[in-house]
Structures are given as structure tokens and as C-alpha cells.
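Q: What would the 3D arrangement of this be:
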Amino acid sequence: MTETSTQPPAPTESRVEREHSLQIGAQTLRYRASAGTLLLREPELKDGTVQGEPVKAEVFYTAYTLLDAPPNRPILFSLNGGPGSSSVWLHLGLLGPQRVHSDEMGDCGPPPYALVDNEDSLLTHADLVFIDPVGTGFSRMVEGQKATEYHEVQRDLDAIADFMRRYLTREGRWGSPKYLLGESYGSTRAAALARQLQEKCELMLNGVVLVSPAMDFQTFCFDRGNDLPYICFLPTYAATAWYHQALAPALQALGVEALIERARAFALGPYASALLQGDRLDPAQAQQIAAQAAELTGLDADYLLRCHLRVDDERFFKQLLRQHGRVVGRLDSRFSGHDRDDVGEKAEGDPSYTNLAGAYRVGLERTLHERLGWMGDSPYHLLAPLYKSWSYKGYENKYLHTGELLRQALHHQPSLRVYVACGQFDLATPPDAALHSLAHMALRPHLKGQIRMAQFPAGHMMYVHAASRRRLSNDLRAFISD
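A: Numbers count the residues shown, from 1 in each chain. A predicted model of the protein is given here:
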């Protein structure tokens, strides 16, 4: 009996597309919606010579292209974060022609959930491409390749840059103004890609959009010996306490923006000085700082003292509303939920994420299978746990910091523009973390005007809040039109 070996089928690219229309006011947008995979190839070297260019991965994308549009229309590439997140949140929350339905606050309500036409879609001003990094969505390494090849900082950037280059070539879009939008770890990528695309692809972006930025990991990693996150988070602790009516009447009456400014002045002044002194801080001063911090954050002064004036995010989620039997959200601290009991140190989960996950799953499945006609029942990884094993090769014993790469990109290309959006109730990447990163880029004075920052009265995905979504959409339309 003769054994026969079977080779796995060669990977091929797939694509489906359909035409749809979207009514925004008096304007009718006819567009082509497409979903597909693009193969990434990389040269294989042996003894210093190229031995071929094998396929490494299949990258899944969803794209929307306006029909009957002028040539060389702007194109925007969109990335979410994690690392491990697919592009679903920006796709169905802010930019795409349809969005997940939610109320004015952003509550998605009970299942089965709904999709509605998105009157705030950026398709009015740009064609849209949503990228699922390798390991998310339907993006996979091909058989025979290392599964975690692109699950590290630089290799992830290499894959995304190569996808963008190949997509622009395939679609004939090199003549279009090019924009890149990244949310959360997607902003980590976007800040770095602005420079990498210049250096390795000679691809100059017109603009970079950073939503809930995470450029400098030192600003939000609560490691022992790192006092910076406590300073950056305190203004958002204050905003959260204000939202949940946990402050004294005089502070509640200030309004959230005035309160944030007061908390920021305290955080950058007396509080930062106290933390930097460590055990050299006089006990009487510590009592005074604890009292001031308690007044601004809604926490107990004695609790703050027992935490050495340092309350990390996980403790805050649980502690602020403990006496009411509730925990506050991480992605959006306007949301609250319940744990099994009220004596634990950390919250069991994030009520702001659980509000979104089921609704966005339904929206994604309906979009791909019902509206675009994508076939197959392979699992789409909405949020893969890649962050648990992500490799920070090259950044061992230091914090990942891509703000410097964005600075280089701006100095290299002074015409590049940057728009930064932050949520005042974001306890994942708070606004003051972004402010710190931007203030430490060492930009030349004539380039500082290239960056614009806006803050919104919502959380990490500020666009789930209806008023914030409308304002953010208008800002992005103006950003692309400038």
C-alpha cells in the first residue's frame, strides 16, 4: 500500500461586495461595501539571498467606497486596539454607514439589538478601510507559519504597513489623500506608523487621528515605583465622582469641566510633589494631601492614607461606590454594575464593556453575512486575548513610547496634521495621559499648531454617547476637508 502525502491548498484571496445606499439629510450616498482577505508576503532569506516570497498571513478587511465619486477621493484606514481587538468598534460605532443602535447615553439595551443607518458616517468625506490585525477578526497566519509571528510591537507594525501599501496599489489609490485613524492601542500603532510609512514605504499621510490615545505606556501602567499614572488618572477620578454625585454640593455645582481643571491643578502641583517625596513626606502634609484628594475624588481620606496616597484604577472601580453596592466601568466610568459582594478589592468585570460586547457581535455578524454576503462560519475574533501574551521585544525593562515616532514624523513632514480625541470618563487611557504625552514630544514651536485635541463627556469609545458622536464626526469631517 502506497502512502500519498497531501499538501495544504495554497492560500488565496477572497472578496465579496455589494452596493448599498445611505440617506443623510438630503444627500444620498451610493457606495460599494466589500469584505475580503489580502495576502501578506515577505521575502525569505537564506545565506543572505532571497529564496522566495512565501505567503505569511491572510489579513481581513472591510471597506466602503463611494460610487460616482470624483477621482482620488480621500481614503481613511482605521484600526482598533487591544492589542487583540478587531476593527468592529470604530466600524459600527462611529465611521461606517451603519452603526449599532444605542440610546443617547450609549446604552445598547437588551438583545437582540439593532443596526441603524449612521447619519454621522465619515463616508460623506472619505472612503473607509477597516483593518483587522493578524490574530483578530478573520485575519490569520497561513498554515505552516508561526502563529504568533505578528504578535509583537514591531512585527505588528510591519504587517499593517504592508497591508496599507498593498491595498493602495491593488485599488489604485496612491493619488488619494491618506488618513490613518487608531483607537487605544490602535493609536499606539498609528503614532508609530506615521513614521514607519515614511521611512519604509515612502508613504506620506495627510493626517493621523488618535482616539483615546495610548502613546506612552508609563502614563497608565500602575507599577510600583511609577507615580505618573496616579497623577494622570486623578482628574478622571474626579470627573467620575462628579458624574455619580459622590462629591460635596459645592464641587458638584462646579460642573465637570471646571472640576477637572481644579483636579488637574492639584494633581500636577501639591499631589505630584507629595508622591515624589515618598516616605520623606511629612505626616501632617500627608494628612492634608489626603483630605484634598478625598474632596476631589469622592474617596475616604483614611483610605487614601492607607494606600499611601496612591489609588490604582482597579481599586478605584470598586471603592468609589462601594457603599452603594456598585462598581464603575473602566472603558466608560459613567456606567456602573454589581459584583457578587461589596468587600473585594477589584471589580469582577467592566460594566461598560459588557454593555457593548453582545450588541457589537450581533452588528458585526449581520453586517458581514446579511449585508455583504460573506460566506462561512469560522469564528470572527471580536476581541482576542492577545494582550496577555503580546511581545514587547525591543522594549524590555522600559515603557513602550511611540510619541517620539510621531514627533519624528511631524519634524520630517511638517504638513502632517494630527487630531486627538479623549473621553472625560475614560479610565483606560484618561485625557491627562494624552496631555502628558503630547506635552513631552519636544515639538518645535511652529509645529505645535499641527496637533488639535478635543475632549468629550463620555468614555474610551466616546462615540457611543450620541452628542459626542455627532461632535466627533463633525470634527473629523472638518479635519479631512482642511
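
Q: From the contact counts, what lies against the biggest helix by length in the chain?
A: In the chain, assigned by DSSP state H, the helix with the most residues is helix 153-171. With contacts defined as 3 or more CB pairs under 8 Å, 6 or more residues apart in numbering; DSSP states H and E, the packing partners of helix 153-171 are strand 27-41, strand 55-66, strand 75-79, strand 127-132, helix 185-201. Every residue, glycine included, has its C-beta placed from N, CA and C.

Q: Kindly calculate the angle that that helix makes with strand 127-132.
A: Going by axes from the mean of the first three to the mean of the last three CA atoms, to 10 degrees, helix 153-171 is angled at 140 degrees with respect to strand 127-132.

Q: what does the average pLDDT come to for helix 153-171?
A: For helix 153-171, the mean pLDDT works out to 96.

Q: cool, and stretch 199-214?
A: The model assigns stretch 199-214 a mean pLDDT of 97.

Q: Need the distance between the two termini of it.
A: 22 Å (CA to CA, to the nearest Å).

Q: Kindly report the same for stretch 59-77.
A: Start-to-end, stretch 59-77 (CA to CA) is 14 Å.

Q: Now do the buried residues in it.
A: By 16 or more other CB atoms under 10 Å, the buried positions in stretch 59-77 come out as 59-66, 74-77.

Q: In contact with the residue lying closest to Ser121 once chain neighbours are set aside, which residues?
A: In space, and not counting its chain neighbours, Ser121 is closest to Pro97: 4.9 Å by CB to CB, 6 or more residues apart in numbering. Pro97 makes contact with 20, 22, 29, 31, 33, 64, 117-118, 121, 123 under the criterion CB atoms under 8 Å, 6 or more residues apart in numbering.

Q: Kindly recompute the last result at 6 Å.
A: 22, 118, 121, 123 (CB atoms under 6 Å, 6 or more residues apart in numbering).

Q: Tell me, how many residues neighbour Leu443?
A: 18 (other CB atoms under 10 Å).

Q: Tell me the pLDDT of it.
A: 94.

Q: swap in Gly376?
A: On the pLDDT scale, Gly376 gets 82.

Q: Please tell me I have it right and Leu228 contacts Gln218.
A: Yes - taking CB atoms under 6 Å as the definition, Leu228 is a contact partner of Gln218 at 5.5 Å.

Q: quick one: which of these two has more around it?
A: Each of Leu228 and Gln218 has its neighbours counted (other CB under 10 Å); Leu228 has more, 20 against 17.

Q: quick one: contacts for the more buried one?
A: Contacts of Leu228 (CB under 6 Å, 6+ apart): 218-219.

Q: Kindly report the same for Asp132.
A: 60, 86-87, 139.

Q: Just flag the most distant two among these.
A: Within the contacts of Asp132, two members stand farthest from each other by CB to CB: Ser87 and Ser139, at 9.9 Å.

Q: Would you quantify the distance from Arg366 to Arg15?
A: Separation of Arg366 from Arg15 (CB to CB, to the nearest Å): 19 Å.

Q: of the helices and strands packed on helix 153-171, which approaches Phe479 most closely?
A: The nearest among those, by CB to CB, is strand 75-79 at 10.1 Å.

Q: so how far is the helix or strand that comes right after the closest one from its chain's centroid?
A: The helix or strand immediately downstream of strand 75-79 is helix 88-90, counting by DSSP states H and E. Centre-to-centre, helix 88-90 and its host chain are 9 Å apart (CA atoms, centre = their mean, to the nearest Å).

Q: Tell me the strands beside the helix or strand following helix 88-90, with direction?
A: Using DSSP H and E, the next helix or strand after helix 88-90 towards the C-terminus is strand 98-100. Next to strand 98-100 in the sheet, as set by DSSP bridges, lie strand 115-117 (antiparallel).

Q: Buried residues, the partner strand. List them.
A: Leu115.

Q: any idea what sits nearest Met441, other than its immediate chain neighbours?
A: Per CB to CB, 6+ apart, closest to Met441 is Arg407, 4.4 Å.

Q: Isn't the one you found up against His440?
A: No - applying CB under 6 Å, one finds Arg407 not in contact with His440, separated by 9.5 Å.

Q: the more surrounded of the two?
A: Arg407 (20 against 15).

Q: contacting residues around the closest residue to Ala190 other than its chain neighbours?
A: Excluding the flanking residues, the one nearest Ala190 by CB to CB, 6+ apart is Gly182, at 3.2 Å. When contacts are counted by CB under 6 Å, 6+ apart, Gly182 touches 79, 189-190.
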